[in-house]
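*Asks:* got a predicted structure plus its sequence, pasted below:
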Amino acid sequence: MRLLALLLIAALALPAAEADALALSAHIQARHLPFGTLLDPFYASPSSPEITGYTRCGDSAIWTGHYLAAEAFRFRVTRSPDALANASRTLAALTGLVDVTGNDSLARCRIPLDSPFRPGIEREEAANGVFRNPALNASWIGNTSRDQYLGVFFGLSLAYEHIPSLQPAIRPLATRLANHLLSDNWAPFLLRPDHILTILIIARQIHPERFAPIYAEHRTRLADSVSLPVAFDSLSTSSYFKFNLIYTSFYSLVRLEDSPAKATYLSAYAIARRYTAGHQNAFFNLIDHALTAPDPRRDAEALELLDLWLKRPRRDFYVDRANEVPVCNNQACEPLPVDRRVPTDFLWQRNPFQLAGGGAGTIGNAGVDYILPYWMARYYGLLPSLGVNPTVAPDSLISLYGPLSAAPRVEIQGRPATLFYTSPTQLNLLVPPETALGPTRIRVLSDGPILTAETRVDPVSPSLYTLNAAGLAAARPIPAPSSPASPSASRSRYPFPRRFRCTPPASAKAAAPRPPSAASPCPCSTPAPNPPSRVSTRSISRCRSNSGAAAPWRFNSPSTASAPTPPPSPSVSGSS
């Protein structure tokens, strides 16, 4: 069996699109959150970076909720402090949309009274009603529709699920909003049992003591009718945003339901899915991935559509495709390619057959329509999440690097891999001997997100022995003596330092995969006998504990004070 070194270099560590997702999050923080919730800036000219105002205040609540969802997925995948900070600030801003109304209803957006941008926003949103709260030094936009509530609850549900530290702040906010809608007899939700049940099932998720019986009673009355509005909406592409509300609603209804009503919800969802499956919608594809059976073609399409999104202009330049594609009944006969669709605030809620639209190129688009499906793709394992060498070999030891959840399990081509060491950033494991050659995906399963690594399995994969993901070499050269006694005396006796030698117990191959040790990766204290210069698991010395009993796949302690000190999380690796 070959002992494989797994060298992770930065260029292989992360999917290429992550840099784009992080840049978009930073851009949103810098340019699209002037008052805490999401708005789009007016620029002085199509080429100017100078902001002269803000627009789309009437949809601020819904897209702030979607942005919160994106940062929640990002935090769950990366454990990034930046994602946590962004989500915390966004949650505080959403709470401000409820505080400002004075009755626990939701404002569309909130503007400080002393902001120079307030007059322009208020003129644009006059039809929705402009209100004042002098005590909070704010004005706010009312006439809040159900899409705004659904977007906020979508974000609260995912933040509650993926960021436990925010749960104490999420619970009272969701409770206030749900209580208001109940007391208002669901005024914005007329004839939408699917949306009423969505709000209540999320309220039950966040505050079960209060809302479990209320949801159960509404489910008894309304569950059988959820397919009716979905079927009606699925008759045409008019008001296409309705499908975004359907998909986000059933994402919660299906995942959170624990009764036979789940089948009813899935049946209703399938109506909309059949109508929209061919619309080339990355966000909808990711939701379908979460709710239904595996579909490699759908998943590959979602990733291709995200790549095309990155080619879209970031401002609202007017486009007209009527002379570029076949036209059927005043719209494209087939969905337009993502990079040629009209500019908009959230691409996946816009009709993919729309031929013309846009403005003067002076409104900047935030990019939530990229980062949300991107981090969903990372969370659900459609994109690589872990660092790994470009090639590995069957029956070899390898390491994976990245943010890891507790109690991981690793599968390679559907076979469980034996783990020998785990830390929050590293896994050491054995590639199953039966692993077939060719491109393959390694999956790390746990109670957290599914993490993946893409690699290729070759018959032999030699590499330099390293200690960690930074590529720190573990070889310790010995200077050649002036008169070497033998040809081998001029090179190191070992392919890596003695303190890092280890071997498996004799029964390692036959034994079932054991849980990884939570102890230090170097627990043995007795140096092993000298190994041969070429090392394999058939010839490497056996690591033994203080008592002399064989220790399974553990490292040797240093035998001399001159041995190098390893980094905190050394990898199991070597040369073939």
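*Replies:* That came through fine.

*Asks:* how far out from the middle of the chain is stretch 125-144?
*Replies:* On the basis of C-alpha atoms, centre = their mean, to the nearest Å, stretch 125-144 sits 35 Å off its chain's mean C-alpha point.

*Asks:* quick one: buried residues of that stretch?
*Replies:* Applying a neighbour-count criterion of 16 or more other C-beta atoms under 10 Å, one finds 125, 128, 130, 133, 138, 139, 140, 141, 144 buried in stretch 125-144. (Glycine included, C-beta is placed from N, CA and C.)

*Asks:* now the second one. Nearest residue, chain neighbours left out?
*Replies:* The reference is to residue 128. Excluding its sequence neighbours, the residue lying closest to residue 128 (C-beta to C-beta, 6 or more residues apart in numbering) is residue 143, at 4.1 Å.

*Asks:* middle-most residue in the chain, spatially?
*Replies:* Among the residues of the chain, the one closest to the centroid is residue 375, at 3.0 Å (C-alpha atoms, centre = their mean).

*Asks:* that one contacts residue 21, correct?
*Replies:* Yes - Residue 375 is within contact range of residue 21, at 6.8 Å (criterion: C-beta atoms under 8 Å).

*Asks:* find residues that contact each of the two.
*Replies:* Taking C-beta atoms under 8 Å, 6 or more residues apart in numbering as the contact rule, residue 375 and residue 21 both touch residue 74.

*Asks:* hey, where'd the helices end up in the stretch 101-250 of the chain?
*Replies:* Secondary structure of the stretch 101-250 of the chain by DSSP state H, counting those that start in this stretch: the helices cover 118-124, 146-162, 167-183, 193-206, 208-222, 227-233, 241-256.

*Asks:* out of these, which comes closest to residue 87?
*Replies:* Smallest distance to residue 87 across those (C-beta to C-beta): 5.8 Å, for helix 146-162.

*Asks:* that closest one vs helix 193-206, what angle?
*Replies:* Counting by axes from the mean of the first three to the mean of the last three C-alpha atoms, to 10 degrees, helix 146-162 lies at 30 degrees to helix 193-206.

*Asks:* could you point out which element follows the lowest-mean-pLDDT helix or strand in the chain?
*Replies:* Between all helices and strands in the chain, the lowest mean by mean pLDDT, DSSP states H and E belongs to helix 10-13, at a mean of 34. Of the helices and strands lying after helix 10-13 in sequence (DSSP states H and E), the nearest is helix 17-31.

*Asks:* kindly export that next one (C-alpha atoms) in CSV.
*Replies:* What follows is helix 17-31, C-alpha atoms only, in CSV (Å, rounded to 0.1, in the frame of the first residue of the first chain):
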residue,chain,number,x,y,z
ALA,A,17,-16.1,31.3,-7.9
GLU,A,18,-15.7,31.9,-4.2
ALA,A,19,-13.6,35.0,-4.8
ASP,A,20,-16.5,36.4,-6.8
ALA,A,21,-19.0,35.6,-4.0
LEU,A,22,-16.9,37.2,-1.4
ALA,A,23,-16.3,40.2,-3.5
LEU,A,24,-20.1,40.6,-4.0
SER,A,25,-20.7,40.3,-0.2
ALA,A,26,-18.1,43.0,0.4
HIS,A,27,-19.6,45.2,-2.3
ILE,A,28,-23.1,44.8,-0.8
GLN,A,29,-21.8,45.8,2.6
ALA,A,30,-20.0,48.9,1.1
ARG,A,31,-22.7,50.1,-1.4
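
*Asks:* from the buried residues of stretch 125-144, pick the one nearest residue 265.
*Replies:* Distance to residue 265, by C-beta to C-beta, is smallest for residue 144 among those, at 25.5 Å.

*Asks:* that closest one: what's it in contact with?
*Replies:* Applying C-beta under 8 Å, 6+ apart, we find residue 144 in contact with 61, 105, 106, 107, 108, 188.

*Asks:* follow-up on the earlier one: so who does the residue nearest to the centre of the chain touch?
*Replies:* So residue 375 contacts 21, 70, 73, 74, 77 (C-beta under 8 Å, 6+ apart).

*Asks:* next one: residue 417
*Replies:* Here residue 417 is in contact with 410, 411, 429, 430, 431, 432, 442, 513 (C-beta under 8 Å, 6+ apart).

*Asks:* state the pLDDT value of residue 177.
*Replies:* At residue 177, the model reports a pLDDT of 98.

*Asks:* likewise residue 471?
*Replies:* Listed pLDDT for residue 471 reads 54.

*Asks:* before we move on, what about residue 448?
*Replies:* On pLDDT, residue 448 comes in at 73.

*Asks:* surely it meets residue 75?
*Replies:* No - the criterion here is C-beta under 8 Å, and residue 448 misses it with residue 75 at 10.9 Å.

*Asks:* more neighbours, these two?
*Replies:* A count of neighbours by other C-beta atoms under 10 Å puts residue 75 above the other of residue 448 and residue 75, at 24 against 18.

*Asks:* please report how far that one lies from residue 379.
*Replies:* According to C-beta to C-beta, to the nearest Å, residue 75 and residue 379 sit 10 Å apart.

*Asks:* what is in contact with those two at once?
*Replies:* With contacts taken as C-beta under 8 Å, 6+ apart, residue 75 and residue 379 have no neighbour in common.

*Asks:* how about the strands in the stretch 251-400 of the chain?
*Replies:* With DSSP state E, counting those that start in this stretch applied, the stretch 251-400 of the chain shows strands at 315-320, 327-328, 331-332, 356-364, 391-392, 397-401, listed in chain order.

*Asks:* quickly run through the sheet partners of the third one, with directions.
*Replies:* For strand 331-332, sheet partners with direction are given as strand 327-328 (antiparallel), following DSSP bridges.

*Asks:* contacts for stretch 107-116?
*Replies:* Contacts of stretch 107-116 (C-beta under 8 Å, 6+ apart): 34-37, 39, 57-61, 96-98, 100-101, 117-118, 121-122, 125, 128, 132, 134, 137-144, 148.

*Asks:* buried ones in it?
*Replies:* Those would be 107, 108, 109, 110, 111, 115, for stretch 107-116 by 16+ other C-beta under 10 Å.

*Asks:* ok, for the first one, nearest residue in space, not its chain neighbours?
*Replies:* When you say that, I think you mean residue 107. Nearest non-adjacent residue to residue 107, counting by C-beta to C-beta, 6+ apart: residue 140, 3.9 Å away.
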